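> below is the sequence, then the predicted model.
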Amino acid sequence: MKNGTYIYLIIGVLVVMTGACDPNRVFDSNEPVNPEGWIPRDAKEFRVEIADTISIYNLYINLRHTNEYPYSNIYFFVHTRFPDGQLYRDTVEYVLADPSGKWRGRGLGKIKDNRYPFRKGIHLPMKGTYVFRIEQAMRENYLKGIHDVGLRIERY
């Protein structure tokens with residue numbers, strides 16, 4: 001076999017392995033935040049097509065922040081629009097640092113990755129498109145230190 005064939009074979013195996021590593025993932029997407037600061041009206045929207053109404057799901061909010069984030073916690077407003085148009089709004093708080101000031105989350109250097117449970121063990125009772133809007137609720141016009149915000153849905 002030539003070197004080119006080996007490369008394609010290795011890439012193919014890696015693609016298959018990557019997809020197989022996370023079989024419970026239904027949706028996982030992140031949206032970048034303006035580096036000058038996250039403004040409250042810049043909600044991050046995630047559209048999720050759900051066909052399986054029998055499974056039980058866990059929903060998570062993904063957050064990447066830097067050491068420049070000025071607080072030990074963060075508040076979000078999470079708006080969920082069901083396929084039939086029903087709208088629910090939740091206010092959630094997540095703690096980003098322990099009492100000593102040490103950041104929680106994973107990552108080396110100045111960026112920390114966090115995944116916070118939003119809803120666990122729930123049914124999504126309708127087939128169709130669910131729309132999740134996440135906005136910062138910190139009452140700051142330009143919230144500094146947030147890189148990305150995202151949503152993850154996985155089967156329980």
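Done, it's in.

> name the helix or strand for the nearest residue to Arg89 once chain neighbours are set aside, please.
Once flanking residues are discounted, Arg89 sits nearest to His79: 5.2 Å by C-beta to C-beta, 6 or more residues apart in numbering. For glycine as for every other residue, the C-beta is placed from the backbone atoms N, C-alpha and C. His79 is located in strand 73-81, with elements delineated by DSSP states H and E.

> what do you get for Ser55?
Short version: Ser55 belongs to no helix or strand, going by DSSP H and E.

> show the contacting residues for it.
Counting by C-beta atoms under 8 Å, 6 or more residues apart in numbering, Ser55 touches 123, 155-156.

> packing partners of the longest strand seen in the chain?
What stands out as the longest strand in the chain, according to DSSP state E, is strand 111-122. Using 3 or more C-beta pairs under 8 Å, 6 or more residues apart in numbering; DSSP states H and E, the elements in contact with strand 111-122 are strand 57-66, strand 87-95.

> if you set the cut-off to 10 Å instead, what comes out?
strand 57-66, strand 73-81, strand 87-95, strand 146-155 (3 or more C-beta pairs under 10 Å, 6 or more residues apart in numbering; DSSP states H and E).

> can you put the ones you listed in a markdown table and add mean pLDDT, distance to Val48 and mean neighbour count?
Shown next, in a markdown table, are the helices and strands packed on strand 111-122 (pLDDT from 0 to 100; distance: least, C-beta to C-beta, whole Å; neighbours: other C-beta atoms under 10 Å):
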| stretch | mean pLDDT | distance to Val48 | mean neighbour count |
| --- | --- | --- | --- |
| strand 57-66 | 98 | 10 | 20 |
| strand 73-81 | 98 | 10 | 17 |
| strand 87-95 | 97 | 14 | 11 |
| strand 146-155 | 97 | 6 | 20 |
